[in-house]
Structures are given as C-alpha cells and as structure tokens.
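Student: Structure here, sequence nowhere to be found:
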C-alpha cells in the first residue's frame, strides 16, 4: 500500500487514522465493505492482523477535507502503538470475501540508525 504524500503524519501520529489514497480506496475498499458515499459515520470493518493473529475493528469513511478515505477508531492503539510502527513502514491489506474482513500485515519496516546498530 503506497501512502499519499503527507499521510505519514496521520498514519503514525496523533490523528489516529490510516489515510488511504482516494483512487485506491474507491477501487479496492468502497465496494467490498458496502460503503455509502453519503454516510458521514462510516462503516465498521473487521481486520485480522495476520502477523499477530489478532482481530480488530476499525471504521472506514470518507474525509471531505482530505478528499480521501481513512480507517479510524483505535488505529493508533490497535496497530501503531501495539506494533511499534514508525513513519516509513509499509503495510498491506487483502480483502477476504469469504470471511468478509481485511487481512493486515507489515510488509516492510523502515531501517533507522538504531535498528542498524542491532544488526
């Protein structure tokens, strides 16, 4: 999943949201979760963290002021803090149509000077 320019602050910061590029969200998320474009509340989406074998629920919705879509509702607590995410990490989502949920995984972690000293 490629992040939008400037989205890293929201993804790992205090906004508690994962910002998705508009085109990606429309193509890969809106239809499968049954999101109504006029719905201001959003739709609950189950997400299985396949790396830790844990289940979480986030809310998927459109944010007009970003002209994009977000997963919100405990994103920071359930993913960023728990998994020690940093700006530059890459994550992936895959829709499981049978279970009607997303499978989530960390695809790559950003190497920083602290992690290099551990090698």
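Tutor: Cool, the structure landed. Values in this document were obtained by computation on a predicted structure and should not be read as measured data. Residues are numbered from 1 along each chain as shown.

Student: Partner strands of the strand ranked longest in the chain, with direction?
Tutor: The residue-count maximum for a strand in the chain (DSSP state E) belongs to strand 54-63. Strand 54-63 sits in its sheet next to strand 43-49 (antiparallel), strand 68-72 (antiparallel), going by DSSP bridges.

Student: The last one: what's the following helix or strand?
Tutor: The element immediately downstream of strand 68-72 (helix or strand, assigned by DSSP states H and E) is helix 75.

Student: who's in contact with the longest strand of the chain?
Tutor: Applying Cβ atoms under 8 Å, 6 or more residues apart in numbering, the external contacts of strand 54-63 come out as 17-18, 29, 33, 35, 37, 39-49, 68-75, 78-79. For every residue, glycine as well, the C-beta is placed using N, CA and C.

Student: if you average pLDDT over that strand, what comes out?
Tutor: For strand 54-63, mean pLDDT rounds to 93.

Student: same thing with stretch 18-38?
Tutor: Here the average pLDDT along stretch 18-38 is 89.

Student: Remind me what the helix or strand encompassing residue 31 packs against, helices and strands.
Tutor: If you go by DSSP H and E, residue 31 is part of helix 31-33. Using 3 or more Cβ pairs under 8 Å, 6 or more residues apart in numbering; DSSP states H and E as the contact test, no helix or strand touches helix 31-33.
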